[in-house]
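J.: What follows is a protein structure lacking sequence information:
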């Protein structure tokens, strides 16, 4: 839809009004995937084998930028472009109004030598931009508190110098970014699709950590 108002609230009201006027019915798509399935290969290619709106939840941990053997990109921008291609496929296969959860964390690049400074990339911040461009909107961030440091002994420089500028904390958390596929209807409509007997009796942590 074209942007008619500079006011965000008015624009959302217009989009909802036109959605209601169109009398679109949110139908549950016919399921193509009826049993556990394993797709092996490049995710953009394998996801292309799945029909539109076939998945009700996506929980994924993308490659860490150039921090593993399987992840080797020419540049950080090339990495982000690749992630955007994957997220476009994720948006296509995800049912309207459903959630995508992405586990990411900042990554430190390899140094060419001792005379070069390493770069710490804020991947979770950049993922927000490409998620929004892929037509998702932000719901929450959950912090995964890990039992071990993501990068061991980052504090070592500070312990040697005791100078404030050398302080770098040992990171013990990663982000779980929770986004929802853009839809004109409220989450209530997704919830009503479930069998009424389906409830969660397990205790949950009410915090975001």
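T.: The structure has been received and is ready for your questions. Remember, it's a predicted structure, so these values are computed and weren't measured experimentally.

J.: Just give me the neighbour total for residue 44.
T.: 14 (other CB atoms under 10 Å). To be clear about C-beta, it is placed using only N, CA and C from the backbone, and glycine gets the same treatment.

J.: Now do the buried residues in whichever strand or helix holds it.
T.: For residue 44, the host element (DSSP states H and E) is helix 43-47. For helix 43-47, burial by neighbour count (16 or more other CB atoms under 10 Å) applies to 43, 47.

J.: One more: stretch 120-130?
T.: Going by 16+ other CB under 10 Å, stretch 120-130 has these buried residues: 121, 123-124, 126-127, 130.

J.: mind listing which of those are in strands?
T.: Among these, the members found in strands (DSSP state E) are residue 121.

J.: the strands in the protein, which residues?
T.: 55-60, 94-104, 107-108, 120-121, 136-145, 173-181.

J.: Give me the contacts around the first one.
T.: Residues from elsewhere that reach strand 55-60 (CB atoms under 8 Å, 6 or more residues apart in numbering): 33, 90, 93-95, 98-103.

J.: run the last query once more with 7 Å
T.: Strand 55-60 has contacts (CB atoms under 7 Å, 6 or more residues apart in numbering) with 90, 93-95, 98-102.

J.: Just the buried residues of it, please?
T.: Neighbour-count burial for strand 55-60, with 16+ other CB under 10 Å as criterion, is recorded at 55-56, 58.

J.: quick revisit: between the strands of the chain, which one is closest to residue 9.
T.: Closest of the strands of the chain to residue 9 is strand 136-145, at 14.7 Å (criterion: CB to CB).

J.: Tell me the buried residues in the closest one?
T.: 136, 142.

J.: One more: stretch 148-161?
T.: 150-151, 154.

J.: and the two most separated of the contacts of strand 55-60?
T.: Every pair of those checked by CB to CB; the farthest is 95 and 102, at 17.3 Å.

J.: Of those two, which one has the most company?
T.: residue 102 (22 against 19).

J.: The more buried one against residue 174, yeah?
T.: No. Residue 102 is beyond contact range of residue 174, at 10.4 Å (criterion: CB atoms under 7 Å).
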